[in-house]
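> next comes the sequence, and after it the predicted model I'd like to discuss.
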Amino acid sequence: MNHILAVQNLSKTYQSGEKSLTVLSDINFEIEPGSSCAIIGPSGSGKTTLLGLCAGLDEAGTGSVILNNKKLETLSEDERAAVRNASVGFIFQSFNLLPTLTALENVMVPLELLGKKNVKPIAVDLLQKVGLGDRMDHYASQLSGGEQQRVSIARAFANQPKILFADEPTGNLDQETGETIEALIFNLNKELGTTLVLVTHDHDLAKRTDRILQLKGGKLIKDTLTTEDA
Amino acid sequence: MQNLNWLLKMAWRDSRRNRSRLFLFMSSIVLGIAALVAINSFGDNLTQQINSEAKELLGADVELESRSPFPDSLYQFLQNENLQLSEERAFASMVYFPKNGGTRLINVRAVEANYPFYGKIESTPFESADQYNKNEKALVDQSLMLQFNVSPNDSVRIGNKVFSIAGEINKTPGQSAITTTVAPPVFIPFSKLEETGLMQKGSRINYKLYIKFPNGIDDQKYFNEVLKPRLEKEEIRFDDVEERKEELGDAYSDLTGFLNLTAFIALLLGCIGVGSSVQVYVKEKVKSVAILRCLGASSLQGMWIFLIQIAIIGLIGSVIGSLIGSSIQYFLPQLFADFLPFEIELSFSYGSFFQGILIGLLASLLFALVPLLQIRKVSPLNVLRSLGWGKTSKASRFVYVLVVLFVFGFSYIQLHELQKAAVFTVSLLGAALILMGVSRLIIWAVRKYFPEKAPFTTRQGLANLYRPNNQTLILVVTIGLGTALITTLMLSQDLLLDKVKLSSSENQPNMVLFDIQSDQVDEVIEITKNDSLPVISEVPIVTMKLHSMKGESVESIREDTTAGVRNWVLRREYRVTYRDKLIDSETILEGEWKGTVENDSIFISLDQGLAEDMKVGLGDPLTFNVQGALIECYVGSIREIDWQRVQTNFLVVFPEGVLEEAPKFHVLLTRYEKVEKSAQYQQKVVSKFPNISIIDLDLILKTVDEVLGKISFVIQFMAFFSIITGVIVLIGAVNISKFQRMQEAVLLRTIGASRKQIVRINFMEYFFLGSISSLTGIIIAILSSWGLAYFSFETVFVPNLWAVLITYIAITGLTVFIGLTNSRSVVNKPPLEILRKEV
């Protein structure tokens, strides 16, 4: 197997009282290491659910998710957490920084969880790369949205993940800041050779990736390489 | 290890932005622990002192006690053993101060000069205790001297003898101030006892003999092998140093155990506060935990970060509480001064200090564990969408069981009885469950019957009771439990006082004259009538002992362990009367009342309880020893007696025609209305008949009131910890809810709500919460007080409505005050400032 992520016959159904709601149905795709991929689709099409399942944040109903050669459905929640820590990075629309930690500490946490020592210089270096060398001791509430997202990018790349999942990374930002953040993500992605999977509404952003997966009503309706599309 | 370091680091990092709230959690348990440690430290010091001063408390190595003179054979034996002896005769009698004509019932203690062998009688002037015996003077209790304004060298008459007062008694071995309140002691020389003329047949005299062992012998061995067997053979009651230690230890351990439970309630209130605050606190942490889970933290790591925080806060709170408690114990001797037979020397009790820390840590962790365990269930998916946390896990239920076991275990350690511990635990649990039920009912009812047409502020205030993250449950439980505790204490005290007052009400007798000799009866009745006082009743009393039952001697019944007869019925000295009819406090349950002797067979009437303890029924023969003469009689009837009434009630009543010629004394009951009249009457009786003792029930009532006041002060002192803890928990809970309400309030202000409207909404919410909690607490208190009245005091319970109303207003007012004070930051500052800072 040469895929960093393989999704096979994946379905997800939620039970609400006596009603069941199928959010994803029979999804299949693979992603090569070092590539970038965008998941697009209208609201409620199952994009975020798919991202959560691919990253091991939730358990699949049926089917299989193989992340970095590990079958996620066979792992416990704590084992999946270990997989995330070792090989996954996250960037969220709402930044999701730990509010009680400074920017620097937020970036240090994934490294500390890996049990690495002397992690501060690595975190400092990353924060400088994202242009926040002078705001390292600030708490999330003391940073602007764009700054928070930059901290979140630095944190996502801290443990040198094999794959980075980004959920609407520019959704909460103005156009100019959004463009800066996009540039940061793609540059770091290229520089560090990380696989990028991002969920977005933004077609322009999606077009910057190598491949676009289009969802509708919980089904994968289109799988396009952006070079072909162009 | 690395993992632990990281967890500690994360716990510290996370705490930085939550210090004020964590400080409130900590404050909740500080006072409970302080109260526990103070009482425990004090108890420890008390036990140590009892152990080291047991001989001084007894005044001898062994104290013998009897209601009749000790046999000569015993004196012979004790003298042969070369033991030092000191005799005492103690009895109740009237004292008369010629200086101002004051009279009062006292406890006469005629002792020999060598008493006490250990310790000393503390007196003013200092040397008077050593010299009064030699100088043939009297030592008078200081409260008595104060009451009748007499000084050393004034006179005091006891019986027929007038003594000069040598000095005042400050303290006697083994007696605390509270034990001498009803009948204060007056010491007179043993050699002068006869001259008082009070040693007459039928007088109720307590014979005491103090023994000191020779130097150089093994006290315990000698006592167990030589003296004890002999005393048991002679059937003489005794108290040795070890027994006194045990008795005193038990008495004070009961006292400290009870007070510890009061302190424990304060701690539990604090812990409930911690538990619920932690619940809200960790709910706010769901997102952070989910982020950590996304970044790779395990479910346990997420939980440990907050567990460590709570453990450290619990530890700091416990240490501070223990330190405060260790300091408070130095004030307790003043609080307990009247209850202690010695001056206590206090030292730092390491045992209590560390026990306090351990209990505080354990309690805060246990109560915080339920919400903390739920952290494990937080899904990382919460970073993408808000899911909250899952259902209560099995582990949480296990923690609830542990909490109940903890409460039960602690109360068992304090009360030493499984049943009492179970009652305490169940009561506490019951109260908590009632309060929880009420709060859930209120939430349901407000939702179901929401007053849609009520003003906006009322609707908002009411809606806050059931909105997500509401504080209804926690506030109702903590405030309600605190109110229930305090109100129960208050109502029980009223109950006790009312019970005593009831006895002296309306036409009930309020003065009892006893020890009246047969030849004095007519004259006493005449004096009474001349003073326009009613003779409510006059009854003869004959003392006797049980000799045999159903043909079997008392000795053989006592030896027969299978007989099942209670020991007290075999040993006691019976005070018996004879009459031809029943009185209105008596009802015949079985048999037939016979007022006179028929066919030479004597049919007596027994109290129901006595007959049960004697294991006798109708027709069973009993033989009494009436001061040397054996009288055989039969159980003719069994009566129920209403002991609540001030009547001369008797366990055994003989018919007329049997005891008329036996040596006896008489009791007379009367009633006075004015205190001056009572004093004049007492003076007349006592000056004419010094042997007659008078109990002034109104004085007793005042004394009981005073004693209860002192006891209730101690209880209130302990309840104070609960009240303050309740206030802290209230502040904590309101503070927590402030964070919950902040966003709403700010939004309301942003869309144009006025300052007044926000204040009204807050006022309504806290008014409802305060009212519901205090009213439920008051209802619980009324129910438990009714239970106490009905089952323990056997009296009618009428709640003091004023006290209840004041409690309701005070608790509700306090809740509203704290609520409004806490939310003033929302009201007084611009919305944007708060939005940036707090939300």
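Happy to help now that I have it. Numbering: from 1, shown residues only, chains lettered A, B, ... in the order given.
> looking at chain A, which residue is nearest chain B?
Of all residues in chain A, A:Asn85 sits closest to chain B, at 2.1 Å by Cβ to the nearest Cβ. C-beta coordinates here come from the backbone N, C-alpha and C atoms, glycine included.
> state the mean pLDDT of the helix or strand that contains that residue.
A:Asn85 is part of helix A:77-87, with elements assigned from DSSP states H and E. Taken as a whole, helix A:77-87 has a mean pLDDT of 88.
> what's next to it, contact-wise?
A:55-56, A:67-68, A:70, A:72, A:75, A:110, A:113-114, A:159, A:161-163, B:293-300, B:380 (Cβ atoms under 8 Å, 6 or more residues apart in numbering or on different chains).
> in chain A, which helix or strand is least confident?
For chain A, counting by mean pLDDT, DSSP states H and E, helix A:226-229 ranks last in confidence among helices and strands (a mean of 62).
> mind saving the C-alpha coords of the helix holding A:Asn85 as CSV?
Taking Å, rounded to 0.1, in the frame of the first residue of the first chain, the C-alpha atoms of helix A:77-87 are listed here in CSV:
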residue,chain,number,x,y,z
GLU,A,77,-10.2,6.0,21.1
ASP,A,78,-6.9,6.3,23.0
GLU,A,79,-5.0,4.4,20.2
ARG,A,80,-6.5,6.7,17.6
ALA,A,81,-5.4,9.6,19.8
ALA,A,82,-1.8,8.2,19.6
VAL,A,83,-2.1,7.9,15.8
ARG,A,84,-3.3,11.6,15.7
ASN,A,85,-0.4,12.7,17.9
ALA,A,86,2.2,10.9,15.8
SER,A,87,1.0,11.6,12.3
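> mark which of the contacts of helix A:77-87 are buried, thanks.
A:55-56, A:67-68, A:70, A:72, A:75, A:110, A:113-114, A:159, A:161-163, B:293-299, B:380 (16 or more other Cβ atoms under 10 Å in any protein chain shown).
> how about the residue positioned nearest the centre of chain A, secondary structure?
In chain A, the residue lying closest to the centroid (Cα atoms, centre = their mean) is A:Phe165, at 1.3 Å. Judged by DSSP: H, G, I helix; E, B strand; the rest coil, the three-state class of A:Phe165 is strand.
> by residue count, tell me the biggest helix in chain B.
Assignment by DSSP state H gives helix B:697-750 as the longest helix of chain B.
> elements contacting that one?
helix B:19-58, helix B:241-284, helix B:332-336, helix B:472-503, helix B:755-787, helix B:801-822, helix B:824-828, helix B:831-837 (3 or more Cβ pairs under 8 Å, 6 or more residues apart in numbering or on different chains; DSSP states H and E).
> got CSV for these, with distance to chain A, mean neighbour count and mean pLDDT too?
Below are these laid out as CSV (distance: least, Cβ to the nearest Cβ, whole Å; neighbours: other Cβ atoms under 10 Å in any protein chain shown; pLDDT from 0 to 100):
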stretch, distance to chain A, mean neighbour count, mean pLDDT
helix B:19-58, 11, 23, 84
helix B:241-284, 10, 22, 79
helix B:332-336, 42, 17, 80
helix B:472-503, 23, 23, 74
helix B:755-787, 23, 21, 87
helix B:801-822, 22, 17, 88
helix B:824-828, 17, 16, 69
helix B:831-837, 7, 14, 57
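> format those helices as CSV; extra columns: distance to B:Asp642.
Conversion of the helices and strands packed on helix B:697-750 to CSV gives the following (distance: least, Cβ to Cβ, whole Å):
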stretch, distance to B:Asp642
helix B:19-58, 39
helix B:241-284, 29
helix B:332-336, 36
helix B:472-503, 12
helix B:755-787, 20
helix B:801-822, 28
helix B:824-828, 60
helix B:831-837, 68
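> contacting residues for the residue in the stretch 201-350 of chain B positioned nearest to chain A?
Proximity of the stretch 201-350 of chain B to chain A (Cβ to the nearest Cβ) peaks at B:Gly296, 2.1 Å away. Applying Cβ under 8 Å, 6+ apart, we find B:Gly296 in contact with A:81-82, A:84-86, A:88, A:110, A:113-114, A:159.
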